[in-house]
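> no sequence for this one, just the structure:
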């Protein structure tokens, strides 16, 4: 059984930084892509960034370019999302997800974590 557990969320001031972690467990060898998605209050879920676990290739959506950096530690089965210069518009529930495909889109993800909240506010 695949399990994804996010951590690292919490209140951050505008301009601040935060690093989210996603720890994967279970039978995950068949999944080649792991990504971060977010859902802001009253909005649809959107992709932020994905990373290929075999190659390390990184994908950023328009929402994730610039201030966000995705990385992985295959030995720990953990993926990170470093978020810098955060703005209030980044306030959302951030979730990680696994896919056996190659597209960084929420419809292509097979397993999801429960998410971690990131409020950006002074």
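That came through, no problem. All values reported here derive from a predicted model rather than from experimental measurement.
> Which positions in stretch 45-62 come out as buried?
Within stretch 45-62, the residues that qualify as buried are 45, 46, 47, 48, 49, 50, 51, 52, 53, 59, 60, 61, counting by 16 or more other C-beta atoms under 10 Å. The way it works is simple: take the backbone N, C-alpha and C, and place the C-beta from them, glycine included.
> Show me what that stretch is in contact with.
Stretch 45-62 has contacts (C-beta atoms under 8 Å, 6 or more residues apart in numbering) with 31-39, 63-64, 68-72, 74, 79, 81, 94-95, 99, 102, 104-106.
> Straight-line length of it, end to end?
End-to-end distance for stretch 45-62, by C-alpha to C-alpha, to the nearest Å: 14 Å.
> Same check on stretch 20-38?
Start-to-end, stretch 20-38 (C-alpha to C-alpha) is 12 Å.
> Residue nearest the middle of this protein, spatially speaking?
residue 36 (2.1 Å; C-alpha atoms, centre = their mean).
> Could you say which helix or strand holds it?
Following DSSP states H and E, one finds residue 36 within strand 33-39.
> Give me the contacts around that strand.
20, 22, 24, 45-53, 59, 63-64, 68, 70, 72, 79, 81, 90, 92-104, 106, 109, 115, 118.
> Now with 6 Å, please.
Strand 33-39 is contacted from outside by 45, 47-50, 52, 79, 81, 92-99, 104, 106, using C-beta atoms under 6 Å, 6 or more residues apart in numbering.
> among the residues you listed, which are in strands?
47-50, 52, 79, 81, 92-99 (DSSP state E).
> What is the neighbour count of residue 93?
18 (other C-beta atoms under 10 Å).
> Relative to residue 113, how far out is residue 20?
10 Å (C-beta to C-beta, to the nearest Å).
> again with residue 67
Where residue 113 is concerned, residue 67 sits at a distance of 22 Å (C-beta to C-beta).
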